[in-house]
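Peer 1: This is a predicted model, with the sequence first.
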Amino acid sequence: MIHAILETMDSFAPFKTVKAHCDVPCGVYDPTTAVIAAMTVARMTDTILELEEHEIKDHQGTRDLHYQNKITRMINEKERSAEIVKEEVRIIWGDFFKEPQFKQFPQIHSLVHEVLLLASKCKQNIDQDATRDLVTKLNDFSEIFWKIKNIKFKNVTYHCKPNLEVILPEL
Amino acid sequence: MSPLYEDGDYLFIFKPFWKKPPLAKQIIVFNHIKYGLLLKRVVSVDKKSKIFFSKGHNSHSISREEIGAIKFEEIKGTPIFHIKGKKT
């Protein structure tokens, strides 16, 4: 009742706002960005291989300007997305996780290191297995994150190719 | 300061006119040069230098090192009434 009255007063003549908790300025953390980026890495790796196969089969491996344009764009996207994975995971690990979470999930350091190494491997190579491993490790990372947040999550088949299994929150 | 204070809660702040120094463990509102108006708990007070250090209530709060030393003159007051908002 009192809160509702104050809320009404606040809407007409706003009170001063005090920041009270969590990371300033945002405190918004979500591994889903990294998951989508990892799926893009997997998709780009697949399309690069498909394009190469198509080039050999249908164009006698001429690799003309059209091909070079396509492959360059795919590699760029793979590179960019792998970097997003690394950046997002680094931020969550460095800013979100604190001592209590490290104690609760002591494997987080080695897990983050594995994700970073796999993302680099995906950048350096055209390696489908590495992209799948990256998504799997990222799922382990997401699972820990959602457990800490006490938010239910589910294992779903991602709606875009290559339709891998990913961990997403039940929001 | 969650779960003690949540988004949408209302607080009535009182500032003693005689400008008493803050006490350890006291919750106060103060102005921070980088973060603006903050609500934190006092962890230590240096009456000689007229500064204090503070921290949040949970493990995700910005650390006392990040907040740094705050001058007494930046204190806006201490909460005397707390009206909790709807649980989201």
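Peer 2: On my side now, so go ahead. Numbers count the residues shown, from 1 in each chain, chains lettered A, B, ... in the order given.
Peer 1: now for the top strand by length along chain B, which elements pack on it?
Peer 2: Looking across chain B with DSSP state E, the single longest strand is strand B:36-46. When contacts are defined as 3 or more CB pairs under 8 Å, 6 or more residues apart in numbering or on different chains; DSSP states H and E, strand B:36-46 packs onto strand B:27-32, strand B:51-55, helix B:64-67. All C-beta spots, glycine's among them, are computed from the backbone N, C-alpha and C.
Peer 1: and the last one, is it in reach of chain A?
Peer 2: In this case it means helix B:64-67. No - shown here: helix B:64-67 not in contact with chain A (CB under 8 Å from any CB of the partner chain), separated by at least 8.6 Å.
Peer 1: Can you give the strand pairings for the helix or strand that comes right after that helix, parallel or anti for each?
Peer 2: Moving toward the C-terminus from helix B:64-67, the next helix or strand (DSSP states H and E) is strand B:70-71. Partners of strand B:70-71 in the sheet, by DSSP bridges, are strand B:51-55 (antiparallel).
Peer 1: what's in contact with the partner strand?
Peer 2: Strand B:51-55 is contacted from outside by B:21-22, B:28, B:30, B:38, B:40-46, B:61, B:63-64, B:67-72, using CB atoms under 8 Å, 6 or more residues apart in numbering or on different chains.
Peer 1: Dump that strand to CSV, keeping only the CA atoms.
Peer 2: Only the C-alpha atoms of strand B:51-55 are listed here, as CSV (Å, rounded to 0.1, in the frame of the first residue of the first chain):
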residue,chain,number,x,y,z
ILE,B,51,37.3,9.3,5.5
PHE,B,52,35.6,5.9,5.5
PHE,B,53,35.6,2.7,3.5
SER,B,54,32.5,0.8,2.6
LYS,B,55,31.3,-2.4,0.9
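Peer 1: now it: mean pLDDT?
Peer 2: When pLDDT is averaged over strand B:51-55, the result is 75.
Peer 1: contacting residues around B:Asp9?
Peer 2: Shown in contact with B:Asp9 (CB under 8 Å, 6+ apart): B:82-85.
Peer 1: How far off centre is stretch A:143-160?
Peer 2: The chain centroid and the centroid of stretch A:143-160 are separated by 12 Å under CA atoms, centre = their mean, to the nearest Å.
Peer 1: Next, the buried residues of that stretch.
Peer 2: Residues A:144-146, A:148, A:153, A:158 are the ones in stretch A:143-160 that count as buried (16 or more other CB atoms under 10 Å in any protein chain shown).
Peer 1: do stretch A:115-135 as well
Peer 2: Under the neighbour-count criterion of 16+ other CB under 10 Å, stretch A:115-135 has A:115-116, A:118-123, A:126-127, A:130-135 buried.
Peer 1: out of these, who's nearest chain B?
Peer 2: A:Val115 (21.5 Å; CB to the nearest CB).
Peer 1: any idea how far the closest one lies from A:Glu77?
Peer 2: 19 Å (CB to CB, to the nearest Å).
Peer 1: Check A:Thr136 too.
Peer 2: 21 Å.
Peer 1: Tell me where the model's unsure across the chain.
Peer 2: Using chain A. A:21-27 (pLDDT under 70).
Peer 1: That was the other one, I meant chain B.
Peer 2: Scanning chain B for pLDDT under 70 picks out B:1-3, B:17-19, B:55-64, B:86-88.
Peer 1: Mind doing that once more with 50?
Peer 2: B:88 (pLDDT under 50).
Peer 1: Skipping its backbone neighbours, what lies nearest A:Leu6 in space?
Peer 2: Leaving aside its chain neighbours, A:Leu6 sits nearest to B:Tyr10 (4.6 Å; criterion: CB to CB, 6 or more residues apart in numbering or on different chains).
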